[in-house]
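K.L.:
my questions concern the predicted model and sequence given below.
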Amino acid sequence: MSEQLLLIGATGMVGAKVAALAPANLLTIVARRGLDTARGVTVHVAPAKQWSTIIASAQPAVLINCLGTTIKQAGSQAAFRAVDHDLVLAAARAAKDAGARHCISVSSVGASSSAGNFYLRTKGDVEAALRALGFQRLDILRPGLLTGDRRGPARPGEALAMLAAPLADAVLHGGMRRYRSIAADIVARAIAALAAAGGTGAYIHEHDAIRTLAD
C-alpha cells in the first residue's frame, strides 16, 4: 500500500478498522463528525457540502467508501438515500475528477437496482452509478451481516441478528453462503489488500472472496 488513500465512513464498523490498518502517512479521512486522530492521520471534519472541495484538494489515488447509515438512523428513506447514495457519489465524482484511479466501496449482499427492498435498491443504484463514473479499477464488496463492535448509537435489531448469526450461517451453503455474516475486521483486511492491488476493471466481492482477500 503506497498510494494516497482517502476514506469516507471512518466512524463506522468497517471504516474504523480500515483507518487503523492504513499507514498514517498515506491516509486522509473526511468525516461529518470528529473521531480519534491519535495515529496522526490527516482528518477533515466538515459538513457534507464541503467534502467535494476537500477531496479535490487531497487528490487521492484511491477512494475507499465505508459510508453507510440505516433508514431508522437517517429518519426517512429520503435522508437515507442522501447519505448512502448522493453523498457517496458526490465524493466519488470529486475523487475521480481529482485524478483517483481506483474506488473501493462497501455495499451489501443482495444489492440490485431492481430489488424490491428500498435499502438494497439504493445500494444497487450506487453500484451502477460508480461503474458509470469510469474509474480505472472499481472494487465493490458485498458483505452479509457485519459482526463486531460498532461505534455510535446502538442498533438492537442488529445486536440480536449477531447473536443468531452462528446458527443462521450453519445452514447457509452453496449459493447461499454469500449471505453468511462476516466480521468487520475481515472486510477491513480485504479492503487493505484491494487498496494495494493494481490492474483495471470492475469487480464484485462477496463472502468467500472477501475472506480470501483478507487471508
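P.N.:
That came through, no problem. Here the structure is a predicted model, which means the values were calculated and not measured.

K.L.:
I'd say residue 112 and residue 121 touch.
P.N.:
Yes: applying Cβ atoms under 8 Å, one finds residue 112 in contact with residue 121, separated by 6.9 Å. Placement of C-beta: from N, CA and C, glycine included.

K.L.:
show me where the chain has its helices.
P.N.:
13-21, 51-58, 71-74, 77-81, 88-97, 118-133, 156-170, 184-195, 207-214 (DSSP state H).

K.L.:
what residues of the fourth one count as buried?
P.N.:
Just to be clear, that refers to helix 77-81. Going by neighbour count (16 or more other Cβ atoms under 10 Å), the buried part of helix 77-81 is 80, 81.

K.L.:
show the average pLDDT along that helix.
P.N.:
Mean pLDDT, computed over helix 77-81, is 96.

K.L.:
now swap in the shortest one and tell me
P.N.:
Mean per-residue pLDDT for helix 71-74: 89.

K.L.:
identify the residues contacting the residue nearest the centre of the chain.
P.N.:
Centroid-nearest residue in the chain: residue 66, 2.4 Å away (criterion: Cα atoms, centre = their mean). Residues in contact with residue 66 (Cβ atoms under 8 Å, 6 or more residues apart in numbering) are 7, 8, 9, 10, 12, 14, 15, 18, 106, 191.

K.L.:
okay, it: pLDDT?
P.N.:
Looking at residue 66, the pLDDT reads 97.

K.L.:
do you know how far it is from residue 205?
P.N.:
Here the criterion is Cβ to Cβ, to the nearest Å. By it, residue 66 lies 14 Å from residue 205.

K.L.:
contacting residues for residue 91?
P.N.:
Neighbours of residue 91 in contact, by Cβ under 8 Å, 6+ apart: 8, 30, 51, 52, 55, 63, 65, 67.

K.L.:
closest to residue 182 among those residues?
P.N.:
Nearest to residue 182 among the contacts of residue 91, counting by Cβ to Cβ, is residue 65 at 17.5 Å.

K.L.:
count of residues packed around that closest one?
P.N.:
27 (other Cβ atoms under 10 Å).

K.L.:
higher neighbour count, residue 112 and residue 121?
P.N.:
Between residue 112 and residue 121, counted using other Cβ under 10 Å, residue 121 has the larger neighbour count: 18 against 15.

K.L.:
the closest residue to that one other than its chain neighbours: how many residues sit nearby?
P.N.:
Nearest non-adjacent residue to residue 121, counting by Cβ to Cβ, 6 or more residues apart in numbering: residue 115, 4.4 Å away. Per other Cβ under 10 Å, the neighbour tally for residue 115 reads 16.
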